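> Provided below are the primary sequence and the corresponding predicted coordinates.
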Amino acid sequence: MPITSPLVRGIRAWWPRAATLLLAAAALATMSSATNEPAKGTGPWEVHEVLTGAAVPTNDVPPSLRGTYDWYLFANHCHSGYSRDSSADLAELMAGAAARGADAFSLNDHGTYEGCDDPAFQQIGDMIPICGEEWSGVQGGSDAPHAVVLNVPSTMPHMTGWPIADMVEEVHAAGGSVIANHPFMIGLGWPEDRLSPGIDGVEVWNGTGAFARNSQALAWWQEHLAEGRRITGMGGTDIHEASRNALAPCNYVLARSPNPDDIQDAVNEGRVGISKNETGPRVYLWADLDGALPYDIPMGTNIELASAADVYVRVRVTGGEGEAISLHIHDRQIWSGNVNADPWELRASARLGPQRRTLLRAELRSGPRNGLDALSNPIYVNYPDD
Ligand SMILES: [Zn+2]
Ligand SMILES: [Zn+2]
């Protein structure tokens, strides 16, 4: 009998709600060694196997999750002509996103939900629209923070200028989520040293260019992670023109469907990777707790250990040949290497006890300036509930 079956059932039952997997000590004690178990690392996240070519499994979704979950492309943080600083035709904007393969499209006009009531705001092909806005903290202020308000009804009150905490409470009461946008953009940065409680995500990759200062946003996200916050790193295109790519950067999310609630659930739980665009490289993280496969614990999961255990992780790269890959734990980079095949996969493990709080995430970079081409959200171990 497969020793992972209780675990698989547990995590599937658990996914839609809280993001913690409790592995009981009793379950651990019954685990036997499997024939295909990788060598155990002696330290945290020891890399012990790199697979290339035909040796890499061809699936992006583990067999146990196939048919239930799939990867969807999510165009986040899009502006139409309902924004004061855009003249983009909504129908044209959405048609462009759909043509590039977006499965879900979040409309985030500045301080208005009018676009959500436009007849053009409808499913195009397979692409599902998600209603929201881009909230501003202070009306007319040049230093106002901005946030994506994701998946709310168009009847939401106008919250422009509201204190951050009040806005977050209102959005959550309406069933939506909040993603802090471009926290280091010149003139539009986030005013708090750390994001206040309840914020669901932070835009670590804004598509508008250098003045977004994405490298600072990424470092700031890492500081939150180091302090024990579980907060989803997100891509936001911030497009204001229909001629621009609504999938640059491109969020690829593991969800039950591209319907708004399922995309939002994936965002809340951190089942999100970001690539430079819809055809760019991708990095996937999958964990397992006994090394016997199927590696079906996705990024975003918090693995809460009740006793010491070997945590195994697959780091899978597609379309990334020639890229540099780095692995990061809660407070630092621990490994780097080169991706020399497509697909490419690395396997690592860590012997971890219940007292060690850590995570693992991956970045892909390329070019003379080491530009970011893809990143994963973390797999967490022993993080507190939030
Ligand atoms: Zn903004
Ligand atoms: Zn914007």
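Noted; the coordinates are in hand. Ligands and ions are numbered 1, 2, ... in the order given.
> what's the residue in the chain that ligand 2 sits nearest to in contact with, if anything?
As assessed by C-beta to the ion, ligand 2 sits closest to D238 within the chain, at 4.3 Å. Where C-beta positions appear, they are placed from N, C-alpha and C, glycine not excepted. Neighbouring residues of D238 by C-beta atoms under 8 Å, 6 or more residues apart in numbering: H77, C78, H79, N181, H182, N206, G207, T208, A212.
> tell me the contacts of the last one?
A212 is in contact with H182, F184, M185, N206, D238, counting by C-beta under 8 Å, 6+ apart.
> report the two of the residues you listed separated the most.
Distance extremes for the contacts of A212: the farthest pair is F184 and D238 at 13.6 Å, using C-beta to C-beta.
> and the pLDDT at the nearest residue to H328 once chain neighbours are set aside?
Nearest non-adjacent residue to H328, counting by C-beta to C-beta, 6 or more residues apart in numbering: R361, 5.2 Å away. Here, the pLDDT recorded for R361 equals 97.
> anything in the lengthiest helix in the chain near ligand 1?
Counting residues, the longest helix found in the chain (DSSP state H) is helix 214-226. No: figure legend: helix 214-226 not in contact with ligand 1 (C-beta under 5 Å from the ion); closest approach 12.4 Å.
> report the beta-bridge partners for the residue nearest the centre of the chain.
Using C-alpha atoms, centre = their mean, the residue of the chain that lies closest to the mean C-alpha position is V272, 2.5 Å off. Taking DSSP bridges as the rule, V272 bridges to V253.
> residue contacts, it?
Shown in contact with V272 (C-beta under 8 Å, 6+ apart): F74, T232, G233, M234, N251, Y252, V253, L254, A266, M299, G300, N377.
> sorry, back to before: tell me what the longest helix of the chain is packed against?
Where contact means 3 or more C-beta pairs under 8 Å, 6 or more residues apart in numbering; DSSP states H and E, helix 214-226 is packed against strand 201-206, strand 371-376.
> and with 6 Å instead?
strand 201-206 (3 or more C-beta pairs under 6 Å, 6 or more residues apart in numbering; DSSP states H and E).
> just the strands in the stretch 51-200 of the chain please.
Assigned by DSSP state E, counting those that start in this stretch, the stretch 51-200 of the chain shows strands spanning 70-78, 104-110, 128-136, 146-150, 177-180.
> angle of the longest helix of the chain against strand 201-206?
Between helix 214-226 and strand 201-206, the angle comes out at 150 degrees (axes from the mean of the first three to the mean of the last three C-alpha atoms, to 10 degrees).
> can you start the count at 739 instead of 1 from here on
Got it, the first residue is 739 from now on, which makes the last one we talked about helix 952-964.
> quick revisit: gap between the residue nearest to the centre of the chain and A903?
Distance, V1010 to A903, by C-beta to C-beta, to the nearest Å: 24 Å.
> and for C854?
On the measure of C-beta to C-beta, C854 and A903 end up 25 Å apart.
> who has more neighbours out of those two?
C854 (21 against 12; other C-beta atoms under 10 Å).
> you'd agree the more buried one is up against P867?
No: with contact defined as C-beta atoms under 6 Å, C854 does not count as touching P867 (7.8 Å).
> wait, is D999 part of a strand?
No: using DSSP: H, G, I helix; E, B strand; the rest coil, the assignment for D999 is helix, not a strand.
> which ones are touching it?
With contact set as C-beta atoms under 6 Å, 6 or more residues apart in numbering, D999 has no partners.
> what about H815, how many neighbours?
The tally of other residues near H815 (other C-beta under 10 Å) stands at 29.
> R1009 now?
Counted with other C-beta under 10 Å, R1009 comes out at 23.
> quick check: closest non-adjacent residue to it.
The nearest residue in space to R1009 (C-beta to C-beta, 6+ apart) is L992, at 4.0 Å.
> now D855, nearest residue through space, not along the chain?
Distance criterion C-beta to C-beta, 6+ apart; nearest residue to D855, sequence neighbours excluded, is S892 at 5.3 Å.
> list of residues touching stretch 907-916?
The contact list for stretch 907-916 (C-beta under 6 Å, 6+ apart) reads 885, 887-890, 894, 897, 906, 937-938, 1002, 1005-1006.
> list the buried residues for that stretch?
The neighbour-count check on stretch 907-916 (16 or more other C-beta atoms under 10 Å) flags E908, V909, G914, S915, V916 as buried.
> now do the helices in this structure.
Ranges of helices in the chain, per DSSP H, are 743-752, 763-767, 828-837, 902-911, 952-964, 998-1007.
> and the fifth one, what's its mean pLDDT?
Which is helix 952-964. Averaged across helix 952-964, pLDDT comes to 97.
> need the residues of this structure near ligand 1, please.
Going by C-beta under 5 Å from the ion, the residues of the chain near ligand 1 are H884, N919.
> picking up where we left off before, and the helices of the chain, which is most packed in?
For the helices of the chain, the largest average neighbour count (mean count of other C-beta atoms under 10 Å) is found in helix 998-1007, namely a mean of 22.
> now the angle between strand 884-888 and that helix, please.
Using the same axes, to 10 degrees, helix 998-1007 lies at 130 degrees relative to strand 884-888.
> count of neighbours near Q860?
Q860 has 11 nearby residues by other C-beta under 10 Å.
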